[in-house]
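# Got a predicted structure plus its sequence, pasted below:
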Amino acid sequence: MIDIQLIGLFNATLQAATLLFIAALGELITEKSGILNLGVEGMISVGAVTGFMTAVNTENIFLAVLVGVLSSSAFASIHALVTVVLKQDQTVSGLILTILGLALSSLLGKNYVGKKLVTKLEGVTSVTDPSSILEVLISQNIIFYVAVLSMLITSFVLKHTMFGRRLEAVGEDSRSSDSMGLKVAKTQFIATCVGGAFAGLSGVYLTLSYVPYWTDNMTSGRGWIALALVIFGGWKPYRTALGALLFGFLEALVPRLQTYGFELNPYIVKIAPYVITILVLVLLTIYKGGKTGAPKNIGISFFRENR
């Protein structure tokens with residue numbers, strides 16, 4: 001029989017990993033098109049606050065999830081407009097999006113701090129106190145299963161569909177893609193908005209399930225960890241999911257260690273994902289000649305007149 005403490009750790013790991021992975025998967029899709037979006041933190045925050053506000057005011061969880069996802073996608077379209085249409089610097093635009101998203105979320109959510117949800121995202125089964133790995137797996141809420149399904153679908157789409165090939169082609173060489181008749185700007189715009197939608201889903205998972213309340217800056221750097229996850233996973237959905245489990249495990253482990261009297265500085269855990277990601281990049285540089293898997297055109301705006 002597996003110790004109940006380990007079962008609790010496994011459950012907490014899955015929940016923390018789900019939040020990180022959904023946001024990272026959205027950024028992976030965006031970056032596959034060649035667009036770098038550093039605004040993940042801001043997009044998660046926008047999705048979190050709009051979803052929470054909707055849940056408090058309507059008590060309709062489905063509507064809250066929908067509003068959070070669409071709000072974040074619309075917010076991401078600002079980045080798409082600035083970088084894809086107006087051809088401005090992607091790094092600067094992404095950083096501004098994070099700052100704007102956090103500020104906007106604080107403004108919108110100031111009257112919702114301390115409010116409690118009447119209803120929240122519950123598990124799909126009636127199991128509330130899992131005592132086995134199987135019970136943990138079947139007791140998650142619907143967003144967990146959406147995350148797993150999204151990983152499978154994204155992997156399939158990227159490898160086996162025309163849209164996936166077009167997305168990768170645009171990210172690898174936008175000028176050649178344009179020469180072949182592919183709609184570079186349209187593909188990048190859609191990919192950026194899809195990435196925003198995933199960040200919004202991560203946000204609503206945060207405030208409607210993971211910690212069902214709202215307070216300022218509750219994203220706590222998770223958007224930046226999601227960005228690191230994409231690099232850690234080599235721009236591959238499965239590897240990104242494994243990285244999310246690792247980083248989720250670190251997040252879930254700290255409070256449990258403190259329960260047993262182990263004093264571990266929480267800041268060490270916060271920086272661990274970035275340190276691990278850097279180590280992965282170093283290893284890739286050594287063993288694969290610097291081939292990290294990143295799209296060649298990432299962060300580079302496409303100008304048709306430069307052909």
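Looks like it came in fine. Numbers count the residues shown, from 1 in each chain.
# Go through the strand or helix carrying His79 and flag the buried ones.
Taking DSSP states H and E as the criterion, His79 maps to helix 61-80. Within helix 61-80, the residues scored as buried using 16 or more other Cβ atoms under 10 Å are 61, 64-65, 67-80. Where you see a C-beta, it was placed from the backbone N, CA and C, and this is true even at glycine.
# Return the distance of it from the chain's centre.
Relative to its chain's centre, helix 61-80 lies at 13 Å (Cα atoms, centre = their mean, to the nearest Å).
# ok, now stretch 57-65?
When distances are taken as Cα atoms, centre = their mean, stretch 57-65 is centred 21 Å away from the chain's centroid.
# Could you do stretch 173-193 as well?
Put simply, stretch 173-193 sits 23 Å off its chain's centre (Cα atoms, centre = their mean).
# where are the low-confidence patches of the stretch 101-250 of the chain?
Applying pLDDT under 70 to the stretch 101-250 of the chain flags residues 126.
# at 90 what do you get?
In the predicted model of the stretch 101-250 of the chain, residues 114-139, 175-176, 178-182, 212, 216-217, 220, 250 satisfy pLDDT under 90.
# Tell me where it has helices.
Applying DSSP state H, counting those that start in this stretch to the stretch 101-250 of the chain gives helices spanning 133-138, 142-160, 162-172, 174-179, 184-205, 222-232, 237-259.
# Show me what the third one is in contact with.
Just to be clear, that refers to helix 162-172. The contact list for helix 162-172 (Cβ atoms under 8 Å, 6 or more residues apart in numbering) reads 29, 31-34, 156-158, 176-177, 180, 182, 184, 187-188, 191, 295-298.
# What residues of it count as buried?
Gly164, Arg166, Leu167, Glu168, Ala169, Val170, Gly171.
# Reformat those as JSON lines; add distance to Leu20.
Formatted as JSON lines, those follow (distance: Cβ to Cβ, whole Å):
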{"residue": "Gly164", "distance to Leu20": "23"}
{"residue": "Arg166", "distance to Leu20": "28"}
{"residue": "Leu167", "distance to Leu20": "22"}
{"residue": "Glu168", "distance to Leu20": "24"}
{"residue": "Ala169", "distance to Leu20": "28"}
{"residue": "Val170", "distance to Leu20": "26"}
{"residue": "Gly171", "distance to Leu20": "22"}
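# one step back: could you check the angle the helix holding His79 makes with helix 142-160?
Orientation note: helix 61-80 sits at an angle of 40 degrees relative to helix 142-160 (axes from the mean of the first three to the mean of the last three Cα atoms, to 10 degrees).
# So for helix 61-80, mean pLDDT?
Computed over helix 61-80, the mean pLDDT rounds to 97.
# Mind giving me the packing neighbours of it?
Here helix 61-80 touches helix 40-58, helix 90-109, helix 184-205, going by 3 or more Cβ pairs under 8 Å, 6 or more residues apart in numbering; DSSP states H and E.
# what's the angle from the second one to helix 61-80?
Interaxial angle of helix 90-109 relative to helix 61-80 (the same axes, to 10 degrees): 140 degrees.
# hmm, who's touching helix 90-109?
Residues contacting helix 90-109 (Cβ under 8 Å, 6+ apart): 35-46, 48-50, 52-53, 75-76, 78-79, 82-83, 214-217, 219, 223, 299, 301.
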